[in-house]
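[1] quick one, fold the following:
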Amino acid sequence: MHLTCRRLAALCLPLGLLAFLPTAAEAHVKWFCGAVDVTMPPLALALVLSPTLLILGAVATTLVSAGGGLDTLALRRWPFLLRRGRTSQSLEEALIRLGVGAYMLLLWAKLGVAPWGTAGEEAVLTPELLAQAAWVGWLQLATAALVVFRLTCPLAGLGMFALWAIGVGQYGLFHMMDYLIFVGLAGYLALTHPVFDRRPAWQEWRVSLIAASLGLSLMWTGIEKFLYPAWAGIILTAHPIITFSFPAAFVTVAAGFVEFSVAFYLLVGRSLLRVDAAIVILVLLAAVPEFGALDTVGHIPFVAMLLVLVLHGPSRLQQLAYPKHAGPVTAAAWTAALYILCFATVMAMYYALQKAGTWPG
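    Numbers count the residues shown, from 1 in each chain. Below is the predicted model of the structure:
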């Protein structure tokens, strides 16, 4: 009975978040609401800090803090949660290479281009980043081919980083902060080569790169829902079923906190990391019937990275996130403080980068 109660308690954070998780929480709104103008200033901070945001923020912080305490309790009871299977590394690597190869191939075939794209335009890394240069498509095809062999995976990583840099040059750093996952994938591929098999300490950082880039990308898009709520409003108007009859303003703020919270646990979760990643995968798959092929293609690299986190579990990044030998109360307080710090930091970065004018021209 005691064991069952602990297991149920360990699941309360992700299930609590899932209870008010709208289908659109993980959708990249830029893929569906047309070409957005990031030169327009975000909502003023005084308007962002609404009663709804403060109340939901308090709820999210409480849940996340409780999760930090439960995380420590679970590890005391089941230390094996920090381990991974003996064959996990080769399977993780295969998932990343397959995911990157399939995604790049589909982009080259123009099966993942935003609906407002015109003839001759290529999608650069994501459906909504468009370029007229035909060679961009060939670079993506070459990247897909290079992941086939481990010897050429670092070149594939270089190709992926070059594509992200092209996006920065055309759309600006502020816009491309949404897509830090591709920097993480580039780093993973750069460390995927037989020469690094003799340096396992280096290879161990590959999953940390995956978790960090994915977590930061989703944190950024979570904050976006607070500062540019009109973008999410376009999707909610087009797909009213995902509001579950709640007011659109409430759904937008709730979705932002859910996305930020699950992203936060991708960075700091230990025993809860696998559950958190699995829930995000389920949400992404649940969005497919509503958002179709564009969402399916666009989220291939996300799903591949999340599957790796499910297989691998905590990496060095998650181990560094907590003080050593912290008890459940200390861990809960530390998690809450870290959550608030991350929230404030990412929001400050959002305002600072937008004001700095990090876009072309």
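[2] how about the helices in the stretch 201-350 of the chain?
    Here the stretch 201-350 of the chain has its helices, by DSSP state H, counting those that start in this stretch, at 205-227, 229-238, 248-268, 273-286, 288-298, 300-312, 316-320, 328-356.
[3] I'd say Leu155 and Val148 touch.
    No: here Leu155 lies out of contact with Val148, judged by C-beta atoms under 8 Å, at a distance of 11.3 Å. For every residue, glycine as well, the C-beta is placed using N, CA and C.
[4] shaky segments in the stretch 201-350 of the chain?
    The model of the stretch 201-350 of the chain has pLDDT under 70 over residues 238-244, 290.
[5] quick one on the thing from earlier: okay, Leu155 and Val148: which has more neighbours?
    Ranked by neighbour count (other C-beta atoms under 10 Å), Leu155 and Val148 place Leu155 first, with 18 against 13.
[6] quickly find the element holding that one.
    Assigned by DSSP states H and E, Leu155 belongs to helix 153-171.
[7] for the helix or strand that that helix is followed by, what does the pLDDT average out to?
    Once the chain leaves helix 153-171, the next helix or strand it forms, by DSSP H and E, is helix 173-176. Mean per-residue pLDDT for helix 173-176: 90.
[8] so what does the helix or strand following helix 173-176 touch, helix or strand wise?
    Using DSSP H and E, the next helix or strand after helix 173-176 towards the C-terminus is helix 181-190. Secondary-structure packing of helix 181-190 (3 or more C-beta pairs under 8 Å, 6 or more residues apart in numbering; DSSP states H and E): helix 88-108, helix 153-171, helix 205-227, helix 300-312.
[9] kindly reformat these as CSV containing distance to Asp71.
    Conversion of those to CSV gives the following (distance: least, C-beta to C-beta, whole Å):
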stretch, distance to Asp71
helix 88-108, 21
helix 153-171, 32
helix 205-227, 15
helix 300-312, 15
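[10] out of the helices of the stretch 201-350 of the chain, nearest to Leu163?
    Distance to Leu163, taken as C-beta to C-beta, is lowest for helix 300-312 among the helices of the stretch 201-350 of the chain, at 12.1 Å.
[11] for the closest one, packing partners?
    Helix 300-312 sits against helix 88-108, helix 181-190, helix 205-227, helix 273-286, with contacts defined as 3+ C-beta pairs under 8 Å, 6+ apart.
[12] now distance to Ile300 and mean neighbour count too, for these, in a markdown table please.
    Compiled in a markdown table, the helices and strands packed on helix 300-312 are given as follows (distance: least, C-beta to C-beta, whole Å; neighbours: other C-beta atoms under 10 Å):
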| stretch | distance to Ile300 | mean neighbour count |
| --- | --- | --- |
| helix 88-108 | 4 | 19 |
| helix 181-190 | 11 | 24 |
| helix 205-227 | 13 | 24 |
| helix 273-286 | 10 | 20 |
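[13] out of the ones you listed, which gets nearest to Ala134?
    Set against Ala134 and scored by C-beta to C-beta, the helices and strands packed on helix 300-312 come closest in helix 88-108, at 10.6 Å.
[14] just to revisit the earlier point, got CSV for the helices of the stretch 201-350 of the chain, with distance to Gly184 too?
    Listed next are the helices of the stretch 201-350 of the chain as CSV, based on distance: least, C-beta to C-beta, whole Å:
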stretch, distance to Gly184
helix 205-227, 3
helix 229-238, 24
helix 248-268, 11
helix 273-286, 14
helix 288-298, 16
helix 300-312, 8
helix 316-320, 11
helix 328-356, 16
